[in-house]
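Visitor: Build the 3D model from these lines:
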Amino acid sequence: MVTALLATLLMPQGTLNFKEFDAKMPSGLMVKADRGTLEVPEVRGVEGSRKLQLAVVRLRSVGGGSRPPVLYLDGGPGGSAIQAAQSTFVGVVLERLLARHDVVLMDQGGTGQWGPSTI
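Guide: Numbering: from 1, shown residues only. Below you'll find the predicted structure:
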């Protein structure tokens, strides 16, 4: 569901690939998660535009909730949503959300773990 949501809402032209892992929240809570990259054109609608890879992590709901996922983007300048999730303050907020929602963390262009495509 999250893959379809991201592909539809964020970048219909993009490709998204996930790999499973166990994420440790700042409180020590272990959460099933997926990480990957969303490959998008640097300039939408411009054919031949350079491709960028944006880092994406999906934290799976621990409460079995089936509510819509929450997309977390960190404020800037230069803030990484993935790194912020490892802080105590943001981690506490995300853990509350995880009771009912999957949480999707995405580093925007120019922040965190983004970069030019190597493909």
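
Visitor: tell me what the helix of greatest length in the chain is packed against?
Guide: Criterion DSSP state H: the longest helix present in the chain is helix 88-97. In terms of contacts (3 or more Cβ pairs under 8 Å, 6 or more residues apart in numbering; DSSP states H and E), helix 88-97 is packed against strand 70-72. All C-beta spots, glycine's among them, are computed from the backbone N, C-alpha and C.

Visitor: can you pull the contacts of Val31?
Guide: Asp22, Ala23, Lys24, Met25, Leu59, Arg60, Val62, Leu98 (Cβ atoms under 8 Å, 6 or more residues apart in numbering).

Visitor: Likewise for Asp22?
Guide: Per Cβ under 8 Å, 6+ apart, neighbours of Asp22: Met30, Val31, Lys32, Ala33.

Visitor: A strand includes the last one, no?
Guide: Yes. Assessed with DSSP: H, G, I helix; E, B strand; the rest coil, Ala33 lies in a strand.

Visitor: What's opposite it in the beta bridge?
Guide: Phe21, Leu59 (DSSP bridges).

Visitor: wait, it sits on Arg60?
Guide: Yes. Ala33 is within contact range of Arg60, at 6.2 Å (criterion: Cβ atoms under 8 Å).
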